[in-house]
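Visitor: This is the structure alone, sequence omitted:
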């Protein structure tokens, strides 16, 4: 095909000289063919913008839609959805992104994905952006992908969404091998009955008022033939790969429902904001006809339900706190499984060999007395580094992250101050399993603090399937490949306590404190089982029971297991921090080996 080259004048002016050329002449690169005498005040840049043969009109259309998208959410906006959002004390999606990311680091993707209206000449007169705003930016200097739901447009439903946009952002996090952060508010692009309503053939055909181009408040967007349809694959295959590769954080910042609710639990960490956030499969308008009762959104799916049943990890008092929790959670993790976790510079004012005298007397001599295990964690870890995950659910167990001489470490422990003394419940088992999976997936060594009397007993724990979830925890613990440092602080009894103390067949670092108290089952209850008949037939059952307990006490304690090499070494509790910090240097060489920096075969169980 014959091609033509059009030579445009670089600026306005008059032709002062012209090279005599005819058809077929050859022109070399850089050859002068004309001389232009510039008009007064003419510049090349001005001329270029005013010419009709440039791409300026397309860029102007893009700029117009971007301006309309930003104006819609700007302070003082009278858009009905935005006014309602602010009246509920909620930030807009763009304000949330600005709050989460480092200043000036956001690069939007799909900025003009949405729905426009045009006049008869083809000029843009209105524009409603799709109700997901996202892109990539930086959190504490590290790249992350973020996707924020815009509840102000159709409540985040599908008729205000372009579904591929949020899926693209999730896939992009995988491709870039960086964390994915979802700011959830509404159905997150989930189904809307508007998809089943056929589009009106002409305006006014139906009494229902609907949107076709830019969305008008209170009018669902109806396009297409409507009717029944079968949605395609919802993305669980991609979510599985994502959860096995990069950190995923979900923030619940409003009423999260439908596919948004599913996304909320498909992550490694989640946080919801008190009073403004709820989580449910379907909201009160659907519950009413389905179940026959009225209920408020808060009563149906508030924090008091989902921060206590494990669906959501942490509770924030404000949106600002939710963002801060997210930033802190990510600070312990690598960008993906293909990298080791990030380390921090050791604090010269917090040396690795710090000895806290409080640790020496933290555990009481009386066996039935409780102690503050969170205090113990803080005394051993780098100062102010303990980040607890799931403090309001599975409360018999404690899980979180700490730093030891700057190195990130996962930590698990039982809480003797819990109403059941730290015995493992069904929820406690689920909580431990999930945290161990998280640490192993992202190559964090684990500090395992043992003070466990066994699985929780009684009717309520049989009903909740404690042993079923306990079995899962046992397997999850045995599958951990990252280094483990175990401290037998006090009790290790029963299947649960013994599995806590020795979770794997392979040897690992383990020490005991002087309070170590171990055995098959707690003697206090075991005597009743082993000597049941004799106690029943004894003239003085109390005296016999006390005699048996005295015999046990005479040989009870850590010296016996130490002498039989069932426990490797006893240490002064005040030396625990120093020993862990010495161990972590070696542990870090293991977890950072290139051959280990990959997805784990077991993947991640959300």
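Guide: That came through fine. Predicted model, so just to flag it, every value in this text is computed and none were measured.

Visitor: Where does the prediction get shaky in the stretch 1-150 of the chain?
Guide: 1-7, 42-53 (pLDDT under 70).

Visitor: where along it do the helices fall?
Guide: 44-50, 56-73, 80-87, 93-100 (DSSP state H, counting those that start in this stretch).

Visitor: For the ones you listed, give me a markdown table that also has mean neighbour count and distance to residue 437.
Guide: Every residue, glycine included, has its C-beta placed from N, CA and C. Formatted as a markdown table, the helices of the stretch 1-150 of the chain follow (neighbours: other C-beta atoms under 10 Å; distance: least, C-beta to C-beta, whole Å):
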| stretch | mean neighbour count | distance to residue 437 |
| --- | --- | --- |
| helix 44-50 | 12 | 57 |
| helix 56-73 | 15 | 38 |
| helix 80-87 | 16 | 36 |
| helix 93-100 | 20 | 25 |
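
Visitor: okay if I get those helices as JSON lines plus distance to residue 470?
Guide: Converted to JSON lines, the helices of the stretch 1-150 of the chain look like this (distance: least, C-beta to C-beta, whole Å):
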{"stretch": "helix 44-50", "distance to residue 470": "71"}
{"stretch": "helix 56-73", "distance to residue 470": "49"}
{"stretch": "helix 80-87", "distance to residue 470": "44"}
{"stretch": "helix 93-100", "distance to residue 470": "38"}
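
Visitor: Select, out of those helices, the one closest to residue 536.
Guide: Closest to residue 536 of the helices of the stretch 1-150 of the chain is helix 93-100 (C-beta to C-beta; 65.5 Å).

Visitor: Centre of the chain to the closest one, how far?
Guide: Relative to its chain's centre, helix 93-100 lies at 16 Å (C-alpha atoms, centre = their mean, to the nearest Å).

Visitor: Looking at the helices of the stretch 1-150 of the chain, which is nearest to residue 419?
Guide: Judging the helices of the stretch 1-150 of the chain by C-beta to C-beta, what sits closest to residue 419 is helix 93-100, at 37.1 Å.

Visitor: Just name the shakiest helix or strand of the protein by mean pLDDT.
Guide: helix 44-50 (a mean of 55; mean pLDDT, DSSP states H and E).

Visitor: hang on, isn't residue 307 packed against residue 394?
Guide: No: in this structure, residue 307 is not within contact of residue 394 by C-beta atoms under 8 Å, at 11.1 Å.

Visitor: residues shared between the contacts of these two?
Guide: Counting by C-beta atoms under 8 Å, 6 or more residues apart in numbering, no residue touches both residue 307 and residue 394.

Visitor: who does the residue sitting nearest the centre point of the chain bridge with?
Guide: Nearest to the geometric centre of the chain sits residue 249, at 1.9 Å (C-alpha atoms, centre = their mean). Beta bridges link residue 249 to residue 181, residue 269 when assigned by DSSP bridges.

Visitor: need the contact list for it.
Guide: Listed by C-beta under 8 Å, 6+ apart, the contact partners of residue 249 are 179-182, 267-271, 326, 329-330.

Visitor: Likewise for residue 483?
Guide: 445-446, 508-509, 583, 586-587, 590-591 are the contacts of residue 483 under C-beta under 8 Å, 6+ apart.

Visitor: Please apply the same query to residue 89.
Guide: By C-beta under 8 Å, 6+ apart, residue 89 lies in contact with residue 276.

Visitor: tell me the phi and psi of it?
Guide: phi 80, psi 20 (degrees, to the nearest 10).

Visitor: Quick check: next helix or strand after the helix or strand where residue 496 lies?
Guide: For residue 496, the host element (DSSP states H and E) is helix 494-501. Next along the chain after helix 494-501, taking DSSP H and E as the criterion, comes strand 509-512.

Visitor: What is the subsequent helix or strand relative to that following strand?
Guide: In N-to-C order, the element after strand 509-512 by DSSP H and E is strand 517-518.

Visitor: Distance check, the nearest residue to residue 119 once chain neighbours are set aside against residue 254.
Guide: Distances taken as C-beta to C-beta, 6 or more residues apart in numbering place residue 125 nearest to residue 119, at 5.1 Å, with adjacent residues excluded. Counting by C-beta to C-beta, to the nearest Å, the gap from residue 125 to residue 254 is 30 Å.

Visitor: Look at those two and report which has more neighbours.
Guide: Taking neighbours as other C-beta atoms under 10 Å, residue 125 and residue 254 compare with residue 254 leading, 24 against 13.

Visitor: The more buried one in helix, strand or coil?
Guide: strand (DSSP: H, G, I helix; E, B strand; the rest coil).

Visitor: and it, how far is that from residue 93?
Guide: Distance, residue 254 to residue 93, by C-beta to C-beta: 10 Å.
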